[in-house]
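1. Could you work out the structure for the sequence below:
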Amino acid sequence: MKISMLNKILLNKYSEFLESIDVEINGNRPWDITVHNPDLYKSILFNGSLGFGESYMKGWFDCERLDLFFEKVLKQGVSTEIQSIPLFLGRVKRKFRNLQSISRAFQVAEQHYDIGNDLFSLMLDKTMMYTCGYWTKDVNTLEESQLAKLDLVAKKLDLKPGMKVLDIGCGWGGAAKHFAKTMGLML
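-> Predicted coordinates for the structure are as follows:
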């Protein structure tokens, strides 16, 4: 496998981070990652955690126990140290432009979250989800698109009856209700 100079530099940098939390690239423990495509490193550089996730979906790397891998990463805060270039540049830009203050952040959150359910129930379907739906040729309503999205998520996650799912920040529990009802998942 040919590896570019940029990928070699990134490999060394990422290896340092991972070794500090007892994770090896191409190691043999369940929480180690096995890299199949060195473009993984550029994907992380330019897209951060999104690039990491998409690289996994593309099969650019494997990890037998992603749960243990992420436990190690999150415990050490490594995810805050490895950032994408756009994220880093955005942080610098915000620092100089000061678009948000701590007091303003609380005000914005209150305005958004203290609206109540009446407004949302007028514009959302029964699931009360305001993330985008999944529209296919067989989907005709907003509710159908939301349920199609949940079915697609379940398929991509390979959810099976009896599995446990943690629902964090999913609005009014539409995802949890759907997974419990249609798949018998424990929440």
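2. Mind giving me the packing neighbours of the top helix by length along the chain?
-> The longest helix of the chain (DSSP state H) is helix 39-57. Under the contact criterion of 3 or more CB pairs under 8 Å, 6 or more residues apart in numbering; DSSP states H and E, helix 39-57 touches helix 5-19, helix 85-97. (Each C-beta comes from the backbone N, C-alpha and C, glycine too.)
3. Check which residues of the longest one are buried.
-> Judged by neighbour count using 16 or more other CB atoms under 10 Å, the buried positions of helix 5-19 are Asn7, Leu10, Leu11, Tyr14, Leu18.
4. My guess is the last one contacts Gly27. True?
-> No: taking contacts as CB atoms under 8 Å, Leu18 lies outside contact range of Gly27: 9.1 Å.
5. between the two, what contacts are shared?
-> Ile33 (CB atoms under 8 Å, 6 or more residues apart in numbering).
6. now the strands: where do they sit in the protein?
-> 34-35, 61-62 (DSSP state E).
7. returning to that earlier point: for the buried residues of helix 5-19, which one is nearest Leu68?
-> Leu18 (12.8 Å; CB to CB).
8. one step back: next, the buried residues of the longest helix of the chain.
-> Asp39, Leu40, Tyr41, Ser43, Ile44, Leu45, Asn47, Gly48, Gly51, Phe52, Ser55, Tyr56.
9. need those in JSON lines with pLDDT and distance to Ala109, can you?
-> Putting the buried residues of helix 39-57 into JSON lines (pLDDT from 0 to 100; distance: CB to CB, whole Å) gives the following:
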{"residue": "Asp39", "pLDDT": "88", "distance to Ala109": "38"}
{"residue": "Leu40", "pLDDT": "87", "distance to Ala109": "35"}
{"residue": "Tyr41", "pLDDT": "83", "distance to Ala109": "36"}
{"residue": "Ser43", "pLDDT": "85", "distance to Ala109": "32"}
{"residue": "Ile44", "pLDDT": "82", "distance to Ala109": "30"}
{"residue": "Leu45", "pLDDT": "78", "distance to Ala109": "31"}
{"residue": "Asn47", "pLDDT": "81", "distance to Ala109": "27"}
{"residue": "Gly48", "pLDDT": "78", "distance to Ala109": "24"}
{"residue": "Gly51", "pLDDT": "86", "distance to Ala109": "28"}
{"residue": "Phe52", "pLDDT": "87", "distance to Ala109": "28"}
{"residue": "Ser55", "pLDDT": "93", "distance to Ala109": "33"}
{"residue": "Tyr56", "pLDDT": "93", "distance to Ala109": "32"}
